[in-house]
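Colleague: The following comprises the amino acid sequence and a computationally predicted model.
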Amino acid sequence: MDIIISNTSGKPIYEQIILQIKGYILDGTLKQGEALPSMRNLAQQLRISIITTKRAYEELEKDGFIESFTGKGSFVKAQDPELMKEEGLKQIEEYFFEACEKAKMLNVSYNELSGLLEMIYKGE
């Protein structure tokens, strides 16, 4: 599992970690029961504060993606298919929002944008 932190991203580091781990869980790279790196190890690998990794793991646990056990570590939790679909839709919505904002800035019409989405979706 590779996590890449961007200093130029507008998102805080803990959010970048959350999004990437959620992505790995949603796409099946991280499977149920698989251990995550310890908070300390991840902080050392990324050269960030352990407080940042702790916050990311706490959010992932709160959102139902991982579970942590004192003295054992953090593991990917069994995923509810509806929760996974909802999370995926949330991520798609964020991408669409960004795309729509950019389209508006460039005066791309709704019909042009819709046509582009259709072409991409159909693989044309």
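Modeller: Thanks, I have it. Keep in mind that what you see is a predicted model, and the values were worked out from it rather than measured.

Colleague: alpha carbons only for contacts and neighbour counts from here, please
Modeller: Noted.

Colleague: Check this structure for its longest helix and report it.
Modeller: helix 81-105 (DSSP state H).

Colleague: for that helix, the distance to its chain's centre please.
Modeller: Averaging C-alpha positions (CA atoms, centre = their mean, to the nearest Å) puts helix 81-105 12 Å from its chain's average.

Colleague: Show the average pLDDT along that helix.
Modeller: Averaging pLDDT along helix 81-105 yields 88.

Colleague: List the contacts of the most centrally placed residue in the chain.
Modeller: Closest residue to the average C-alpha location of the chain: residue 19 at 2.0 Å, with CA atoms, centre = their mean. Applying CA atoms under 8 Å, 6 or more residues apart in numbering to residue 19 gives no contacts.

Colleague: swap in residue 13?
Modeller: Counted by CA under 8 Å, 6+ apart, residue 13 has contacts 5, 6, 52.

Colleague: so what's residue 8 scoring on pLDDT?
Modeller: Predicted confidence (pLDDT) for residue 8: 89.

Colleague: what helix or strand is it on?
Modeller: Under DSSP states H and E, no helix or strand contains residue 8.

Colleague: what number of residues lie near it?
Modeller: Number of residues near residue 8 (other CA atoms under 10 Å) recorded here: 6.

Colleague: before we move on, what about residue 62?
Modeller: By the criterion of other CA under 10 Å, residue 62 has 11 neighbours.

Colleague: Distance-wise, check it relative to residue 4.
Modeller: Going from residue 62 to residue 4 by CA to CA, to the nearest Å gives 22 Å.
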